[in-house]
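no FASTA, just this:
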């Protein structure tokens, strides 16, 4: 999955070339190659900054904006509910203007949107990586019936219209479940539905890797020394699939950011009034964007920049750790 | 057995738009009101100002020119074209093209009067239980067969067959059924002519008499609903009648492709001499359905279509265009109070709202101008509301029991009430809302208002279809989920206080499922007001009873009126005879004509 | 070969069956377990118990889940009766039930929406396939050159832009700022082919931008891989013109994986380009499925889901079979 | 080849190539240097290499993998994509015409017609998606304006010529349906379809088993007789060279170590590297897998080629060669007529070592 699948969460990209790990030197030589990749390094720095902004959003906002959920009706035209002034009421006090209808500070909401976006995307990716790695290793290492069942399961998940299923799942989850409620539950559900449709991508890669590693001497050796299935899987196989998993996990993050934004855009994202980029775009899409493009540009460009940075970093990692897959 | 609440199904199942019943009209100057009665704010005063700029009471482009094709647009199809099953306000309005009832609304702007349609006149009843109608001569179906009183009785009976004919209002069952021997509907009727309903008598082909099981002053309004449209038994196809209803009105269906298009042509057997209501000016009517709402606006702006049958008002970008173009606004739009009310339901059986002071705190804390903005502002959204009865309704009277400066809320008073309630530091609660339309923005505004007095609100969004039937319509669910507040809206099936209030405030109608008295308000003053009001024939007495009842409801703070809905509707430059009628809360489609 | 195709077909049918079970559980069993009686949803806003009972009987919701599923499945193949006792209606095959929202047969809703989705996806597919593959080939051949670098940048931007953002942006420009297409809406092809195409252009552009970017990257990578293959060197050693070497010897194997992905993508698109349709307000399969989910219109949700899954799985099978034709090595003898 | 940005073409003006007088070499390589620029540095794949081949004669180029053999052959065929990363200098004269300075299109016209190549792995070198027949037909028709049917007849003849039974039927098979030996035969048929005057075979037998190897070498000999071609055979197996070649060129790290007639070099090898090759071949009796394992150490990185004699770090006798061996590159000097060696060991010392230390081990 080298690129965001966009329309649907279903894979639109063939399983990428398999990385051939050669032990410790791979990490070092990969790092050396990565350091030379300027766009990837710049993206990395940008993403670290973004993470800091997300973590310290309250500080940022207290310095440069207003609380993200605080309405400012006085800034709106009472007849149209649109902000007074040009560019969504942009000013030194409201760097990116205010939202229509309730006058909330767009700058603050964009900053806070990064929190949801990164949190959901990272957790969903972690979910996909954990499930994908475990099941991919099981399928590849145990083979036979296990492999058949897991491979069919992956086929099944890639065959369903995933956005639709994701929305349906979100729609049927009650407001309190699994000991969670409120935003915690919503984020949990989002992580689950995004992760559950994303793990087969990792699973396929891991399975392919393990299939080629299974017959190698060091595995044989470990087995002949009496190592159990789990020892072999986690001691011997896991370190060897770590590099490709890391690379493709990085490339899965931007896809998951887009998926989170898509679900929010379709109205099944986090709970209001929590700020999220997809939700801000949804607000803009109800005609407001035609009146003041800033409503759409702020969240849209935030998504774009973040996804682009992750893609650049992911491409860089792939080129560095999997030279065959790149240029 | 109470069957169905009296409301026009709005948005409950409708797709995007949210509200189905639409808007227009507040003849007497939308929103009169209350927003302004105590301390005028720039917001609410401009709301009054703008509403008068609309068409209220006005008749736009009067003309008697006939001919041409009227081109209507809609985002979705009607729920049913079977007159007994449809429950959308705009569909009732459209039914006027193909169906006639015993009585109907007179063709005039503003608050309409009932007038005879198939019946010669609108009867009165001294006991409010026995109602007799006499049919006109020369009335026929579209195939030329004369319409008799038996056809009307048969139509009434169909409504009883709820296993086949469902979806529409059920007043007929409520008032005509014998609970000791329920009538099963004509399909299971043992009577050879399938006319076994005892409470309706047809002594001859011209006379029909209804014997109600209890007094009901609004019965004539029930007779104006499309459910009483005559149905010829020979042509009744049960559940499939919706695809080919037999016309009794000036037009008949030419072609119907569900969700796409329905076209109407003149009914050759319609005799204008028997019909004093329908102008029937166009030769042909086309309703194109399944359109995106922005697309609808654009087509209307471009005059490539004449009107939007949903009548819920234009979308934001078109509204912006209209507000920036005074001549467009003046000549081609209406902007009336529809009769629909947006309100906040405060659950009296959920802690701490079992204490009236906590409810009062909410009533004082709410910034109603924020609600108005969330609905779309004074033009597109509506006027700040202070009463549960809405301006287009009979017996509406303005008052404000929770006045705050500029309707923006009063934090100090709200905090006093909180202290009185024993919650000086606030509390946490859950606010339910539908997940679509403008309700989420409203919920967020409630959340922001209550945050100011330390009440922490969690918003619980539900799919619109399950919102009323399960989320807030099952009291057990409300209690279990701790839903203290709920966004709600109501539109009456006909423009009287009883139609507005009986289902939503009657303490004896709190049902374990399908409940519409969401707050579970059970106030003796309200209950008796409803009973007295509907049994009164005296106008002055009725006015007093209904105003007192309205005040009792608002005073309970179980229901907090927020906004009287308004809609800014756009018409093509060739549409004629545009005026608002509170009968449907929108323009009267039956009078439209086209020039050019 | 026939056995191979048959095997793939059976595999596809099994997956489709599993999807149908999954969908049934998700859309019918789970909501009921969570307390949302489908009959209540079908019966309207505040239905009385008698109506609910009638609807329950009519929809067969009083039967066991297994029976209900079986009824559904049988309906798809041979049609089914809906019977409430006094009202019997016949829903001909392929019967996916009736919409809760408007009582229309689900199948007719799908048939109505299909042309929209098909117009959108086929047009976009032609565009992204042609542009994506050709720019990908040029990039691979002129690797490291100016074109390649620009194409790489554009593609990277393309895969990083959500369609609902580019869609709104394009609508803003062509519709509100420049007034090139004043009112973007779907026009039936049979009604006016020129207007059909004209109104679809923005959606095609938006949808294909993402895919073009993807195909550019894929084609480039695939082409670079084949350009490094020994048989391409052989072709050059024969003295073939570079155009032949690239256009015939390198392109054909490079396109083999692209065909696979294209098939799958097309399958997905035919199931409904939900975000694009939603953004442009086109009433295609994607849009009706979203509406159906949001209004809890379970039969429509279920029907559209299965229909979409059908296309995805069909595409999978076709791709496998096509692959066997394209690449003699995997062709079973 | 379509690259117009080549910055590496020799600055000498291209003179119209005069047809070479008979008796002169058909292929003459002089000071050929090929280098690649990579992210890690410049790879000196071929360094000032010179040799020549006449019509009817066979030159064997031997060396470990990475010694520049294949790069040389691809340079002759003009198959390096010149540009920012590849630079080629020196002269490659085919029948007198310099291919290094010739326009790409001109070289393309020669490829397959006057010079052809057989590749190492026939499975990967044949297009998997076209039939064997189509691939031969294509090779023939690109240089001969004939009908498809005529080309097909020619392809059948060629398959027959290279010894494929039922050639007309096998024409429509795909490469994966052929056995390894048959694929190599088909590859040869494709290469000789236009009667090339120069045939370059890059490890033509490596992937094949011993019996098939011998058959393929026989086939090449026969074809040489029939077409009177010059053949360059590239291999790391001295046995192959001994069997088929007239001349031998031993390469190491992109440079020529020893060059001469096969009998002469085999009998009087003077370079320690050649000795190593010779030792490995006899002792293991042509077991491919472990050939050359006896030379200690591994081939150098072509980015950092050792100064002086590139072989010196692995050379057992470097102590005897004096300090120059690690500083000055030894010239490829004639030690006897037609026999050249690049080594700092004094001639007498080399001959003594051969006689006393090397020959006894062979």
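On my side now, so go ahead. Computed from a predicted model, the values in this text were never measured in an experiment.

burial measure for residue B:454, as a count.
Number of residues near residue B:454 (other Cβ atoms under 10 Å in any protein chain shown) recorded here: 18. Every residue, glycine included, has its C-beta placed from N, CA and C.

surely residue B:543 and residue B:393 touch.
No: with contacts counted by Cβ atoms under 8 Å, residue B:543 stays clear of residue B:393, the gap being 11.6 Å.

contact partners for the residue in chain D positioned nearest to chain A?
Relative to chain A, the nearest point of chain D is residue D:39 (7.5 Å; Cβ to the nearest Cβ). By Cβ atoms under 8 Å, 6 or more residues apart in numbering or on different chains, the contact list for residue D:39 reads A:33, A:36.

swap in residue D:143?
Counting by Cβ under 8 Å, 6+ apart, residue D:143 makes contact with C:239, D:109, D:112, D:113, D:194.

which SS class is it?
When classified by DSSP: H, G, I helix; E, B strand; the rest coil, residue D:143 comes out as coil.

ok, back up a step: the residue of chain D closest to chain A and residue D:304, how far apart?
Look at residue D:39 and residue D:304: by Cβ to Cβ, to the nearest Å, they are 15 Å apart.

where does the stretch 51-200 of chain A dip in pLDDT?
Residue ranges of the stretch 51-200 of chain A with pLDDT under 70: A:175-176, A:179, A:181.

quick check: residues of it near chain B?
Residues of the stretch 51-200 of chain A lying close to chain B (Cβ under 8 Å from any Cβ of the partner chain) are A:69-71, A:73, A:76-82, A:101-102, A:171, A:175-176, A:181-182.

make it 10 Å
A:67, A:69-71, A:73-74, A:76-82, A:99-104, A:171-172, A:174-176, A:181-183, A:186 (Cβ under 10 Å from any Cβ of the partner chain).

in the biggest helix by length in chain B, what counts as buried?
Longest among the helix segments of chain B by residue count, using DSSP state H, is helix B:539-556. Using 16 or more other Cβ atoms under 10 Å in any protein chain shown as the test for burial, helix B:539-556 gives B:542-556.

tell me what it is packed against?
On a contact count with 3 or more Cβ pairs under 10 Å, 6 or more residues apart in numbering or on different chains; DSSP states H and E, helix B:539-556 meets strand B:333-346, helix B:356-365, helix B:497-505, helix B:524-534, strand B:559-570.

which one of these lies nearest to residue B:306?
Nearest of the helices and strands packed on helix B:539-556 to residue B:306, taken as Cβ to Cβ: strand B:559-570 at 10.0 Å.

does the closest one reach chain A?
No: Strand B:559-570 stays clear of chain A (Cβ under 10 Å from any Cβ), getting no nearer than 10.9 Å.

which residue ranges of the stretch 301-450 of chain B form helices?
B:316-323, B:326-332, B:356-365, B:368-375, B:377-380, B:411-421, B:439-451 (DSSP state H, counting those that start in this stretch).

and of those, who's closest to chain C?
Closest approach to chain C among those (Cβ to the nearest Cβ): helix B:316-323, 7.2 Å.

does residue 203 lie in a helix or a strand, and which?
Answering for chain A, as no chain was given. If you go by DSSP states H and E, residue A:203 is part of helix A:182-214.

try again with chain C
According to DSSP H and E, residue C:203 maps onto helix C:193-227.

would you mark the buried spots in that helix?
C:196, C:199-227.

residue D:231 should be in a strand, yeah?
Yes: if the criterion is three-state DSSP, then residue D:231 is within a strand.

that one contacts residue D:219, correct?
No: with contact defined as Cβ atoms under 10 Å, residue D:231 does not reach residue D:219; the gap is 11.8 Å.

compare those two (neighbour count), which wins?
Neighbour count, other Cβ under 10 Å: between residue D:231 and residue D:219, residue D:231 has more, with 26 against 19.

circling back to that earlier point, and the pLDDT for the residue of chain D closest to chain A?
The model reports residue D:39 with a pLDDT of 74.

repeat that for the one 10 residues further on.
Note on residue D:49: pLDDT of 93.

partner residues bridging it?
residue D:32 (DSSP bridges).

count the neighbours of it for me.
Per other Cβ under 10 Å, the neighbour tally for residue D:49 reads 25.

close enough to count as contact, it and residue D:73?
No: at 11.3 Å, residue D:49 and residue D:73 do not qualify as touching, with contact defined as Cβ under 10 Å.

overlap in contacts, these two.
residue D:61 (Cβ atoms under 10 Å, 6 or more residues apart in numbering or on different chains).

centroid residue for chain D?
Computing the C-alpha centroid of chain D and ranking residues by Cα atoms, centre = their mean puts residue D:234 first, at 3.5 Å.

can you confirm that one is in a strand?
Yes: Residue D:234 forms part of a strand when assessed by three-state DSSP.

correct me, but it touches residue D:73?
Yes: using Cβ under 10 Å, residue D:234 makes contact with residue D:73 at a distance of 5.6 Å.

show me where the stretch 251-362 of chain D has strands.
Taking DSSP state E, counting those that start in this stretch, the strands of the stretch 251-362 of chain D run over residues D:255-261, D:333-336, D:339-341.

for the lengthiest helix in chain A, packing partners?
As assigned by DSSP H, the longest helix anywhere in chain A is helix A:106-142. Judged by 3+ Cβ pairs under 10 Å, 6+ apart, the packing partners of helix A:106-142 are helix A:38-55, helix A:57-64, helix A:144-159, helix A:182-214, helix A:229-231, helix A:238-265, helix A:277-283, helix A:294-321.

export these to a markdown table and tack on mean neighbour count?
Formatted as a markdown table, those follow (neighbours: other Cβ atoms under 10 Å in any protein chain shown):
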| stretch | mean neighbour count |
| --- | --- |
| helix A:38-55 | 16 |
| helix A:57-64 | 15 |
| helix A:144-159 | 17 |
| helix A:182-214 | 22 |
| helix A:229-231 | 12 |
| helix A:238-265 | 25 |
| helix A:277-283 | 26 |
| helix A:294-321 | 24 |
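
please consider this matter closed, and thank you.
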